[in-house]
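Chemist: got a predicted structure here, sequence first:
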Amino acid sequence: MDKILIIGAGGQIGTELTGYLRTMYGEKNVIASDIRATLHPDLMDGGPFIRMDALDSRQVYQVIQKERVNQVYFLAAILSAVCEKNPEMAWDINMGSLNSVLRVANELKFRMFVPSSIGAFGATTPKKNTPQLTIQRPNSIYGVTKVAGELLCDYYNQKYGVDVRGVRFPGIISNVVPPGGGTTDYAVDIFHKAVKYQKFTCYLREDTFLDMMYMPDALKAAVTLMEADYNALRYHNAYNVAAMSFSPKMIAEEIRKHIPDFTIDYAVDPVRQGIADSWPDSMDDSAARKDWGWSPDYTLEAMTRDMIKVLTKRFSGRENHE
Ligand code: AKB
């Protein structure tokens, strides 16, 4: 029987992944863990939770051994915009926690999912249809930790046979827990502001194209890769996965189909604009499609329809209680 530990479960992806995995594997078999003591109620009430510091490899070892965990989803990381404000902390946390858990993986031999990101690419990477194998010279500290993380995972795989797998996630759009301090966060916030106030000020230029993905597809990508046949994987860290590519102008036009009065203006933040300009417009995910059957379900149109439906219901429900 599979026993799963999610490290960094309290974040944007972890909160929803925990519920998704509990539905698949049974709630007792999926342990959420985070350095924070209190998390979203769905996560705390829906199954086991352990407070754990991923930097402390002894604690990680003890938890994994005691609970007989055989799969770990490693989601502890600081996102790009916050990393840029404190590069030392970015390196210490993003690399330190990964290094700590990989060491334990080598001793206890569990399967591990480690997400990389479009942030692993840089200004010299081909921007359109970015290949699986290409130039990776990021100039953000977040990107540096993502490339180093990919290489470290591959090293553990090749040298010690640790079964560690990953995808390069685009910006993830979701409606349960907000992302914390990324460059792609505007694509989540725009929906909240559109539904609440019918207007939004964007920190990226209107023509900034970035790869994005709706949360249900992100969960599907992680779990499908973790369940894939090991021998079918030509790459471990990490597979390009893509779903949609759009600019702020395009998403605003799509929102306007549902909220005709919606307006957008721009107050460009040079830091986040600089990061976004160095990332791909759209990735080639043919290797993931071929090796483990990746294919997304949500287009920009379908995702927009669903986001607006969910948030409209939530905000009107809240207003009724006020
Ligand atoms: C960020 O914007 O930092 C993240 C990412 C694309 O990795 N959402």
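Modeler: Nice, I can see it. Residues are numbered from 1 along each chain as shown.
Chemist: alongside the ligand, which residues does the stretch 151-300 of the chain contribute?
Modeler: Applying Cβ under 6 Å from any ligand atom, one finds that the stretch 151-300 of the chain approaches the ligand through 171, 179, 182-184. For the C-beta atoms, the positions are set from N, CA and C on the backbone; glycine is no exception.
Chemist: looking at these, which are in helices?
Modeler: Among these, none falls in helices (DSSP state H).
Chemist: for those residues, work out which two are farthest apart.
Modeler: 179 and 183 (9.8 Å; Cβ to Cβ).
Chemist: higher neighbour count, the two?
Modeler: Remark: of residue 179 and residue 183, residue 183 carries more neighbours, 32 against 20, as counted by other Cβ atoms under 10 Å.
Chemist: any chance of the residues of the stretch 151-300 of the chain next to the ligand in CSV, plus pLDDT?
Modeler: Listed next are those as CSV, based on pLDDT from 0 to 100:
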residue, pLDDT
171, 98
179, 84
182, 95
183, 97
184, 97
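Chemist: closest to residue 137 among the residues you listed?
Modeler: Once Cβ to Cβ is applied, the member of those that ends up nearest residue 137 is residue 183, at 17.4 Å.
Chemist: list the contacts of the closest one.
Modeler: 79-81, 119, 171, 204, 210, 272, 275-276, 279 (Cβ atoms under 8 Å, 6 or more residues apart in numbering).
Chemist: 6 Å - rerun?
Modeler: Residue 183 makes contact with 80-81, 272, 275-276, according to Cβ atoms under 6 Å, 6 or more residues apart in numbering.
Chemist: how about residue 307?
Modeler: Contacts of residue 307 by Cβ under 6 Å, 6+ apart are 175, 191.
Chemist: could you say which helix or strand contains it?
Modeler: Assigned by DSSP states H and E, residue 307 belongs to helix 300-321.
Chemist: show me which positions of that helix end up buried.
Modeler: Counting neighbours by 16 or more other Cβ atoms under 10 Å, one finds that the buried residues in helix 300-321 are 300, 303-304, 306-308, 311-312.
Chemist: can I get the CA coordinates of that helix in PDB?
Modeler: The C-alpha coordinates for helix 300-321 follow below in PDB (Å, rounded to 0.1, in the frame of the first residue of the first chain):
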ATOM      1  CA  LEU A 300      -7.800  29.600 -21.400                       C
ATOM      2  CA  GLU A 301     -11.500  29.700 -22.200                       C
ATOM      3  CA  ALA A 302     -12.400  26.700 -20.000                       C
ATOM      4  CA  MET A 303     -10.200  27.800 -17.100                       C
ATOM      5  CA  THR A 304     -11.600  31.400 -17.200                       C
ATOM      6  CA  ARG A 305     -15.200  30.100 -17.200                       C
ATOM      7  CA  ASP A 306     -14.500  27.900 -14.200                       C
ATOM      8  CA  MET A 307     -12.500  30.500 -12.200                       C
ATOM      9  CA  ILE A 308     -15.300  33.100 -12.600                       C
ATOM     10  CA  LYS A 309     -18.000  30.500 -11.700                       C
ATOM     11  CA  VAL A 310     -16.200  29.400  -8.500                       C
ATOM     12  CA  LEU A 311     -15.200  32.800  -7.300                       C
ATOM     13  CA  THR A 312     -18.600  34.400  -8.100                       C
ATOM     14  CA  LYS A 313     -20.300  31.700  -6.000                       C
ATOM     15  CA  ARG A 314     -17.800  32.100  -3.200                       C
ATOM     16  CA  PHE A 315     -17.900  35.800  -2.900                       C
ATOM     17  CA  SER A 316     -21.700  36.000  -3.200                       C
ATOM     18  CA  GLY A 317     -22.000  33.400  -0.400                       C
ATOM     19  CA  ARG A 318     -19.700  35.400   1.800                       C
ATOM     20  CA  GLU A 319     -21.700  38.600   1.100                       C
ATOM     21  CA  ASN A 320     -24.800  36.800   2.300                       C
ATOM     22  CA  HIS A 321     -23.200  36.000   5.600                       C
END
